[in-house]
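1. Have a look; sequence and predicted model below, questions after that.
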Amino acid sequence: MEVGVGVEVRTEGVTKSFGSQRIWQDVSITLPSGEVSALLGPSGTGKSVFLKSLIGLLRPERGSIFIDGTDITTCSNKELYEIRKLFGVLFQDGALFGSMNLFDNIAFPLREHTKKSETEIKRIVMEKLELTGLLGAEGKLPGEISGGMRKRAGLARALVLDPQIILVDEPDSGLDPVRTSYLAQLLLNINAQIDATILIVTHNINLARTVPDNIGMLFRRQLVMFGPREVLLTSDEPVVKQFLNGRMIGPIGMSEEKDEAQMAREQALVDAGHHHGGAEEIEGIIPQMKAEPGMPVRQAVFRRQARVREIMHTLPHAAQVAIRESLDQSDDTQVMAAYGSEHPTAAFDTKTIPHGQING
Ligand SMILES: Nc1ncnc2c1ncn2[C@@H]1O[C@H](COP(=O)(O)OP(=O)(O)OP(=O)(O)O)[C@@H](O)[C@H]1O
Ligand SMILES: [Mg+2]
């Protein structure tokens, strides 16, 4: 498969309101090309609105959104149509056509955007059905299958054009924990295979801890943080800690932000033995998942390492320590071991890695 590094997605100072309701403001973020990033944030902070803005379905009133260098907030409709072909998008609700069976739903982008023959289309659709565990269900209508299956069908459709940018809005919602792990593996495998730039919006803490190279978080109408996974996973920022541990204790409340008084009342309850709701206390970082053995090596890993080394001195101490540990663990021998002796050359194809960058 020929591979170009997935394209860069960059926003500069974007602000979005609906009427007088400000959703978020001044969001500047660069999704590193070909890496996997996750966007977290409490319900209603505008994650889906952000995703829809990235593909030009919603237009922010201020700021710019550059896709592959083109500002989609000012480009023509024709340019936007072309740029959309770079994307594969899984919307939060799956957004399948209710009157079409799964096969036709998944084939839709191929029929709309390519001149492929029906034989070729069938081959691709069947491949994606298999990838998402839906073989056999292709004749069913969206209304006849489970929520998790609809979600997977939406993902299959997002993948048919081998997109360079993949946006997935809560891909895990409605999936059981086992399917969620398979899905996580699938996203990393895809990243290894086509080097797509991936953004995952999720509430799933496991997924956030184990899948992305970079993590960001929206809260109180701001992008509170975005950076290498180690930065958020070791952060002392109360909102980040609370979210990653799924506790009631912290600045995030059931509806709006909490005030100091409520935080104090809740803390007193927990101090008196009341359960805060979080199921586990994870301190530090659990290792990131890898692409499966037999897959090409994920080039994003090396690009990220080079990038992270460059910005290392700007990062908080705890993140630096965690990054150094992860760099130590990614020695050639360990990578070899992880990929097993059956694929010794797949593990470290040095020809495709710019040396200056890895050794940085
Ligand atoms: N088309 C729209 N018109 C008006 N308001 C909207 C529109 N789309 C979203 N909103 C509002 O924007 C805010 C953010 O919505 P959004 O769906 O982006 O949240 P979210 O972070 O994705 O939440 P969740 O985690 O529950 O999916 C909400 O208050 C929502 O009501
Ligand atoms: Mg949403």
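-> Now that the structure is in, tell me what you want to look at. Please read all numbers here as calculations on a predicted model, not as lab measurements. Ligands and ions are numbered 1, 2, ... in the order given.

2. now the closest residue to ligand 2 within the stretch 51-200 of the chain: how far from ligand 1?
-> Using Cβ to the ion, the single residue of the stretch 51-200 of the chain nearest to ligand 2 is residue 92, 4.7 Å away. Quick note: C-beta positions are derived from backbone N, CA and C, even for glycine. Here the distance between residue 92 and ligand 1 works out to 6 Å (Cβ to the nearest ligand atom, to the nearest Å).

3. Touching, that residue and residue 169? I think so.
-> Yes. Using Cβ atoms under 8 Å, residue 92 is in contact with residue 169, at 4.0 Å.

4. And for the residue of the stretch 51-200 of the chain closest to ligand 2, the neighbour number?
-> 17 (other Cβ atoms under 10 Å).

5. Residues that sit against both of residue 92 and residue 169, list them.
-> When contacts are counted by Cβ atoms under 8 Å, 6 or more residues apart in numbering, residue 92 and residue 169 have 48, 201 as shared neighbours.

6. just to revisit the earlier point, which residues does the residue of the stretch 51-200 of the chain closest to ligand 2 contact?
-> By Cβ under 8 Å, 6+ apart, residue 92 lies in contact with 48, 169, 170, 173, 201.

7. can you pick the most crowded of these?
-> Counting by other Cβ under 10 Å, top hit in these: residue 169 with 24 neighbours.

8. Any residue of stretch 20-31 touching ligand 1?
-> Yes. For stretch 20-31, a contact with ligand 1 is found by Cβ under 6 Å from any ligand atom, at residue 23.

9. Repeat that for stretch 189-199.
-> No. Against ligand 1, stretch 189-199 shows no contacts by Cβ under 6 Å from any ligand atom, the least distance being 12.8 Å.

10. quick one: average pLDDT of that stretch?
-> Predicted confidence along stretch 189-199 averages 91 (mean pLDDT).

11. Just the pLDDT for the closest residue to ligand 2 within the chain.
-> Closest to ligand 2 within the chain is residue 48: 3.2 Å, counting by Cβ to the ion. Note on residue 48: pLDDT of 93.

12. so it touches residue 201, yeah?
-> Yes. If you go by Cβ under 8 Å, residue 48 and residue 201 touch, sitting 6.9 Å apart.

13. re earlier: let me know the distance separating the residue of the stretch 51-200 of the chain closest to ligand 2 from residue 158.
-> Residue 92 is 12 Å from residue 158, where distance means Cβ to Cβ, to the nearest Å.

14. hmm, what's the outermost residue in this structure?
-> Residue farthest from the centre of the chain, counting by Cα atoms, centre = their mean, is residue 272 at 38.2 Å.

15. Next, that one: phi, psi?
-> For residue 272, the backbone dihedrals are phi -90, psi 10 (criterion: degrees, to the nearest 10).

16. pLDDT below threshold where in the stretch 1-150 of the chain?
-> Low-confidence segments of the stretch 1-150 of the chain, defined by pLDDT under 70, span residues 1-4.

17. Close to ligand 2: what parts of it are there?
-> Among all residues of the stretch 1-150 of the chain, those adjacent to ligand 2 (criterion: Cβ under 5 Å from the ion) are 47, 48, 92.

18. Pipe these into JSON lines and attach distance to residue 107 and secondary structure per row.
-> Listed next are those as JSON lines, based on distance: Cβ to Cβ, whole Å; DSSP: H, G, I helix; E, B strand; the rest coil:
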{"residue": "47", "distance to residue 107": "29", "secondary structure": "helix"}
{"residue": "48", "distance to residue 107": "26", "secondary structure": "helix"}
{"residue": "92", "distance to residue 107": "22", "secondary structure": "coil"}
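
19. Low-confidence stretches in the stretch 201-350 of the chain?
-> Per-residue confidence of the stretch 201-350 of the chain (counting by pLDDT under 70) places the weak regions at 256-257, 278-283, 330-350.
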